[in-house]
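Engineer: Predicted model follows, preceded by the sequence.
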Amino acid sequence: MSSFVSFLISAEQQRRVRTALWVLSFVLLFAMTMLLVFRDLRQGMGNEVARAMESVTRARSASTQTLGVMNEELTADICSDAYISQLRRVAFLPDGINELFYFENGRILCSANNGRLETPQMLEMADIPATDDMPTLWIDRDLGLLGLPGMRGIFAVDGNFGLVLPMSKPARVSTDALDMQVVIHATDGRYWPIGGNDGLYAQAVAEKTGPFALIESGLTDVQCDLGGLNCIAARAAPTYVIARGAPMLALGALVSAILATWLSGRACQLLAHRWSFEQRFLRQLKAGQGLECAYQPLYGLDDDRIVGCEVLARWRDVDGAMVFPDRFIPLVEKHRLTMPFTANIVAHAYADLLAIMAPGQRLQVNFNIFPQDLNAALLLEIFAPFLMPDSAFDLVIEIVETGAIDLSTAQAEIEQLRRYGARIYIDDFGSGYSSMHTLAGLSVDGVKLDRSFAMAPEGSVMANMLDHAIDLVQAAGRKVVVEGVESAVCLARLKNTGKVDIAQGYYISRPLNPPAFAHFLAEEERFCDKTTRLVA
């Protein structure tokens, strides 16, 4: 999961993600275009086949009508000269059917073209039995028995009346767009071609259907009439498909490319927003996840021992990377989540420290709060575990003076916090808005000098001001804390002043995770012995 998230949030992968999204969007959109083109082609084919089916249906209707006329018009004695004359008059109707006959007990007794047959001609078992709307059919039979040797046709019989249809009718149903073949289809699966392109029906029923049929052999379709007697197979060659679909495909490709560009851009924006640092942090913070605490030891110069720690916030990103406060604190303030953030850190720290404290051990714990959160009622609720009567912790709340602090209001809140056992320090004194007026106007317990004093190069203005800043704080009756102690020389200098209460910095220890801080406390005596020798 972390590798996948790393891929999403990595800046160098964004171009690849955008390209992949564009390709995916284009493929999906163009596939939809192809389906629309396919549907249009199918509809066009369906219209062509329907027109061809109309001609086939007309021929069948004509045969049915002719049989009906025979039933009405043939009134003379069966197979008499008058009967033959009546047969020939019906055969002369403009329906294209000119061979009619009388049928009885499975035999043809007379016909319009041959008159009375000297020898009645027997028709073997029918291929398709009669239904309510269809005569009995003998398909692809030799017409030699009616004096037409070498020719084949279809015998249709309704009761005692019959007619002959040529196998080649309709002679051609194909168009410039499509090749077609018409067949008569029996219920048992047999079929007989009666017109069009030879072999097309057999190929069509065996081929794949759907859009991928285009790749192999062109677009094919098979349609049958309502009774299932006549079926038409049709095929559109790839050249026709391309000619008919090319304009729509070209337009579809252009529109797909434009939409894919917009969709991929929008998707990247949404992904970038969701997986932006700000959104990741806010989701984790609101879910109570990701925040961790680091603990930087505080070294007491009066008795040369570790007296406590400052709690520092860290955030574990979703990809496992550790993020420092300078990146996420502005987001906490921007979204007005300062109080929930502080509550989260306090809860984490209490659980961590309670787990690593040795029996009988006491520890000063310093927390930074946002200046706008200087509200005693809310802070007392958040820090309640550290202020319990049996607590092993001495709570220190560090505040940074800003232009937004009203000294009279702040003083009232500080007094209430102190009444419940919390001690208050001014943090980063000497930078920003810190002033003598603040130091004199607030009843704080201590002052932490800005790290720029201790870290300034030897002989610089800031380095020379360190002693004056220490004297100033001591004169105000406040404890002096100096952070930014990076060397033994700096620590020795602070020790020799006899005015600094607590030192903090990387020389003493970098911020530690809970297990490392527990180990540091266990080794405290060894560290203090070393430090005492260095500053002596």
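Structural biologist: Perfect, thanks for sending it.
Engineer: ok, Ala440 - contacts?
Structural biologist: Each residue near Ala440 by CB atoms under 8 Å, 6 or more residues apart in numbering is listed here: Ala476. C-beta here means a position set from N, CA and C on the backbone, and glycine is covered the same way.
Engineer: do that again at 6 Å, thanks
Structural biologist: Applying CB atoms under 6 Å, 6 or more residues apart in numbering, one finds that Ala440 lies in contact with no residue.
Engineer: I'd like to know how far it sits from Val473.
Structural biologist: Distance check for Ala440 against Val473: by CB to CB, to the nearest Å, it reads 11 Å.
Engineer: Likewise for Gly441?
Structural biologist: Applying CB to CB, one obtains 14 Å for the distance of Gly441 from Val473.
Engineer: Between those two, which is the more surrounded one?
Structural biologist: Under the criterion of other CB atoms under 10 Å, the comparison of Gly441 against Val473 puts Val473 first, with 25 against 13.
Engineer: What helix or strand is the more buried one located in?
Structural biologist: For Val473, the element it lies in under DSSP states H and E is helix 461-475.
Engineer: Give me the contact list for that helix.
Structural biologist: With CB under 6 Å, 6+ apart as the contact definition, helix 461-475 has outside contacts at 430, 447, 449, 452-453, 456, 480, 499.
Engineer: helices or strands up against the helix or strand just after it?
Structural biologist: Tracing the chain C-terminally past helix 461-475 and defining elements by DSSP H and E, one meets strand 479-483 next. Other elements packing on strand 479-483 under the criterion 3 or more CB pairs under 6 Å, 6 or more residues apart in numbering; DSSP states H and E are strand 446-449, strand 502-504.
Engineer: Now tabulate those strands in a markdown table and tack on distance to Glu415 and mean pLDDT.
Structural biologist: A markdown table is the format used below for those (distance: least, CB to CB, whole Å; pLDDT from 0 to 100):
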| stretch | distance to Glu415 | mean pLDDT |
| --- | --- | --- |
| strand 446-449 | 16 | 93 |
| strand 502-504 | 23 | 96 |
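Engineer: Quick check, pLDDT for the nearest residue to Phe155 once chain neighbours are set aside.
Structural biologist: Setting aside the residues directly before and after it, Phe155 is nearest to Trp138 in space (CB to CB, 6 or more residues apart in numbering), at 4.0 Å. Trp138 is assigned a pLDDT of 93 by the prediction.
Engineer: Helix or strand for Trp138, just tell me which one.
Structural biologist: Short version, using DSSP H and E: Trp138 is in strand 136-142.
Engineer: Just the buried residues of the helix or strand just after that strand, please?
Structural biologist: Using DSSP H and E, the helix or strand that follows strand 136-142 in sequence is strand 152-158. When burial is assessed from 16 or more other CB atoms under 10 Å, strand 152-158 yields the following buried residues: 153-158.
Engineer: Stretch 438-456 now?
Structural biologist: Counting neighbours by 16+ other CB under 10 Å, stretch 438-456 gives 438-439, 442, 444-456 as buried.
Engineer: What average pLDDT does stretch 411-424 get?
Structural biologist: 95.
Engineer: can you list contacts of the strand holding Trp138?
Structural biologist: Outside of strand 136-142, the residues that reach it under the criterion CB under 6 Å, 6+ apart are 123, 126-130, 152, 154-157, 167, 184, 192.
Engineer: Might you calculate how far the helix holding Val473 sits from the centre of the chain?
Structural biologist: The chain centre lies 60 Å from the centre of helix 461-475; the measure is CA atoms, centre = their mean, to the nearest Å.
Engineer: same question for it, mean pLDDT?
Structural biologist: In this model, helix 461-475 carries a mean pLDDT of 87.
Engineer: Next: stretch 153-172.
Structural biologist: Computed over stretch 153-172, the mean pLDDT rounds to 81.
Engineer: how about it: buried residues?
Structural biologist: Buried residues in stretch 153-172, counting neighbours by 16+ other CB under 10 Å, are found at 153-158, 161-167, 169-170.
Engineer: What of stretch 182-197?
Structural biologist: Going by neighbour count (16+ other CB under 10 Å), the buried part of stretch 182-197 is 182-186, 191-197.
Engineer: Tell me who's in contact with Asp427.
Structural biologist: Neighbouring residues of Asp427 by CB under 6 Å, 6+ apart: 398, 400, 448.
Engineer: Can you tell me the element it falls in?
Structural biologist: Per DSSP H and E: strand 423-429 holds Asp427.
Engineer: between that strand and helix 461-475, how many degrees?
Structural biologist: Here the directions of strand 423-429 and helix 461-475 differ by 160 degrees (axes from the mean of the first three to the mean of the last three CA atoms, to 10 degrees).
Engineer: Quick one: mean pLDDT over the very next helix or strand once past strand 423-429.
Structural biologist: Next helix or strand after strand 423-429 toward the C-terminus (DSSP H and E): helix 436-441. Per-residue confidence for helix 436-441 averages out to 77 on the pLDDT scale.
Engineer: And the buried residues of stretch 153-172, which two are furthest apart?
Structural biologist: With CB to CB as the measure, no two of these lie farther apart than Phe161 and Pro170, at 23.4 Å.
Engineer: Would you mark the buried spots in stretch 393-402?
Structural biologist: Applying 16+ other CB under 10 Å to stretch 393-402 flags 393-401 as buried.
Engineer: Out of those, the closest to Leu251 would be?
Structural biologist: Closest approach between the buried residues of stretch 393-402 and Leu251, by CB to CB: Val400, at 63.6 Å.
Engineer: Now do the closest one, the pLDDT please.
Structural biologist: What the model reports for Val400 is a pLDDT of 80.
Engineer: which ones are touching it?
Structural biologist: 371, 427-428.
Engineer: what residues are up against Asn71?
Structural biologist: Contact partners of Asn71, counting by CB under 6 Å, 6+ apart, are Phe161.
Engineer: roughly how far apart are it and Gly153?
Structural biologist: With distances defined as CB to CB, the gap from Asn71 to Gly153 amounts to 21 Å.
Engineer: count of neighbours near the closest residue to Gly245 other than its chain neighbours?
Structural biologist: If you skip the residues right next to it in sequence, Gly245 has Val37 as its closest partner in space, 4.3 Å away by CB to CB, 6+ apart. By the other CB under 10 Å criterion, the neighbourhood of Val37 contains 20 residues.
Engineer: hang on, isn't Val37 packed against Ala246?
Structural biologist: No. Using CB atoms under 6 Å, Val37 makes no contact with Ala246, being 9.1 Å away.
Engineer: what residue ranges in this structure are flagged as low confidence?
Structural biologist: Within the chain, the ranges that satisfy pLDDT under 70 run 1-14, 95, 168-176, 207-218, 267-275, 401-404, 432-435, 525-536.
Engineer: on that earlier part again, tell me which of the buried residues of stretch 393-402 is nearest to Gln86?
Structural biologist: Using CB to CB, Val400 is the member of the buried residues of stretch 393-402 that sits closest to Gln86, with 120.9 Å.
Engineer: Relative to Met180, how far out is that closest one?
Structural biologist: Here the criterion is CB to CB. By it, Val400 lies 89 Å from Met180.
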